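Asks: Provided below are the primary sequence and the corresponding predicted coordinates.
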Amino acid sequence: MAVQRSDAELARDARSGSEAAYRELVARYATPAVNFTFRLVQDRALAEDLAQEGFLRVYQRLNTYDPERKFSSWFFQVLRNVTIDYLRVNRLPTASLDALQEEGHQIAAVDRGSASPEELAGRGELAAAVGAALSRIRPEYREVVVLRYQEGLTQPEIAEILGLPAGTVKTYLHRARKELAEILAGQGWGPAPAEPTAGKAV
Amino acid sequence: MDRKQLDAWLKAEQRGEDDAADAAFAHLFAAVPKVQPRSAFVEQAVIIASRWRARRRWMLTVAWTAAAALVVAAAVTALVASPLLGGSFVKAVAFLSGHTVPWLVAYASVALHGWLTLGHVGAVIAAALITPGRAAAVVGVELLGIAAFYALHRIASTERLGDAQV
């Protein structure tokens, strides 16, 4: 039974010139990288380009990676810097709901005439609604949500990546959830009314 | 992802239970699909990296070759040409230094004198103007400026993503 090598071991081997190790590293982080950049730029092709640029930057700087540090934190820090550098030079237009729909997101408007939210949730529209709501909150909130809830990083790790105090990250997460809740509630996804108990039924 | 998870999260948010809301949202958000890269993404990244490495290797080879060639050329020139050019080279250096060095020394003396004069004038003006109160005011203004710059830096750091609204 083959033991899976750690990210740090793969990084060390890739630095020594092992193409297989680098390939394994890219395979592990391709989806998180594209997903993370997409949440920031809202464009799939651009997200892939930036992720490629991020991987190249990581490859070029493997000699600066400290194996004592968690690789994912270092990786996301490099990737984020690449994305921020791009956004500083190229101001992107605000993503419209139409554009998001073209990108494959289902817009979270609930057509109560044709189906109840309960029925729509069963068809995966709730997931799409949350995804679309995510695209409408502030970018700095968006990135902490993705790093925390999709990549499973801890608050101190996110703080290290973003160069922010851990308390600020906690505040961002709190506010991000609040904003998402407000957006979803505004689109008809508010808490369902409590079902009446049998004893109280008239 | 189902409606019960959504309700659990939204109710926890409404009640202000941060930890419960965090856990419920994590559960809910785990079902949001990740954006997947194209199938050729990994191969493309590997190709880009290997091209970069090959290019870097080629540039290093060229740089080392050029440096070695320059050293060899310099050595050959020194061995072959110096006996022929040595006499005229020494004469040229002697002529140039004989005609330029005195002028350079003279100009430097004039410049030094001017600089010292300016220094004296500045010292006199400073002595007349600077009092402890004024010095304290200048330091205060500088401290205010540093504080304002620091605050601006913090604001810029916080807003750097917001500035590039997407």
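Replies: Yep, it's here. Numbers count the residues shown, from 1 in each chain, chains lettered A, B, ... in the order given.

Asks: list the buried residues for the longest helix anywhere in chain A?
Replies: In chain A, with assignment by DSSP state H, the single longest helix is helix A:19-41. Neighbour-count burial for helix A:19-41, counted by 16 or more other CB atoms under 10 Å in any protein chain shown, picks out A:21-26, A:28-41. Backbone N, C-alpha and C define where each C-beta goes, glycine included.

Asks: output the lowest mean pLDDT helix or strand found in chain A.
Replies: helix A:97-102 (a mean of 45; mean pLDDT, DSSP states H and E).

Asks: give the contact list for residue 27.
Replies: Unless you meant another one, I'm taking chain A. A:A27 sits next to B:V42 when contact means CB atoms under 8 Å, 6 or more residues apart in numbering or on different chains.

Asks: my question was about chain B
Replies: B:Q5, B:A8, B:W9.

Asks: put the alpha carbons of the helix or strand containing it into PDB.
Replies: Using DSSP states H and E, B:H27 maps to helix B:18-29. Presented in PDB, the C-alpha positions along helix B:18-29 are these (Å, rounded to 0.1, in the frame of the first residue of the first chain):
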ATOM      1  CA  ASP B  18     -21.800  32.700  16.400                       C
ATOM      2  CA  ASP B  19     -20.300  29.200  17.000                       C
ATOM      3  CA  ALA B  20     -23.500  27.400  16.000                       C
ATOM      4  CA  ALA B  21     -23.900  29.600  13.000                       C
ATOM      5  CA  ASP B  22     -20.300  28.900  12.000                       C
ATOM      6  CA  ALA B  23     -20.800  25.200  12.300                       C
ATOM      7  CA  ALA B  24     -24.100  25.200  10.500                       C
ATOM      8  CA  PHE B  25     -22.800  27.400   7.700                       C
ATOM      9  CA  ALA B  26     -19.700  25.100   7.200                       C
ATOM     10  CA  HIS B  27     -22.100  22.200   6.900                       C
ATOM     11  CA  LEU B  28     -24.200  24.100   4.400                       C
ATOM     12  CA  PHE B  29     -21.400  25.500   2.400                       C
END
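
Asks: for the most centrally placed residue in chain A, grab phi and psi.
Replies: The geometric centre of chain A, computed from its C-alpha atoms, lies nearest to A:V146 (CA atoms, centre = their mean), at 2.9 Å. Backbone torsions for A:V146, taken as degrees, to the nearest 10, come to phi -60, psi -50.

Asks: verify the contact between it and A:F36 for me.
Replies: Yes: assessed by CB atoms under 8 Å, A:V146 is found in contact with A:F36 at 5.6 Å.

Asks: one step back: list the buried residues in the helix holding B:H27.
Replies: B:A21, B:D22, B:A24, B:F25, B:L28, B:F29.

Asks: follow-up on the earlier one: so which of the contacts of B:H27 reach chain A?
Replies: B:W9 (CB under 8 Å from any CB of the partner chain).

Asks: most neighbours, which of the contacts of B:H27?
Replies: B:W9 (26 neighbours; other CB atoms under 10 Å in any protein chain shown).

Asks: host element of that one?
Replies: helix B:3-15.

Asks: A:P67 now?
Replies: Going by DSSP H and E, A:P67 is not part of any helix or strand.

Asks: got phi/psi on A:S6?
Replies: phi -70, psi 160.

Asks: mind listing what it touches?
Replies: A:F71.

Asks: quick one: it and A:P67, what's the gap?
Replies: 9 Å (CB to CB, to the nearest Å).

Asks: and for A:A176?
Replies: Taken as CB to CB, the span from A:A176 to A:P67 is 32 Å.

Asks: more neighbours: which of these two?
Replies: A:A176 (23 against 13).

Asks: identify the residues contacting that one.
Replies: Per CB under 8 Å, 6+ apart, neighbours of A:A176: A:I137, A:R138, A:Y141, A:R142, A:V144, A:V145.
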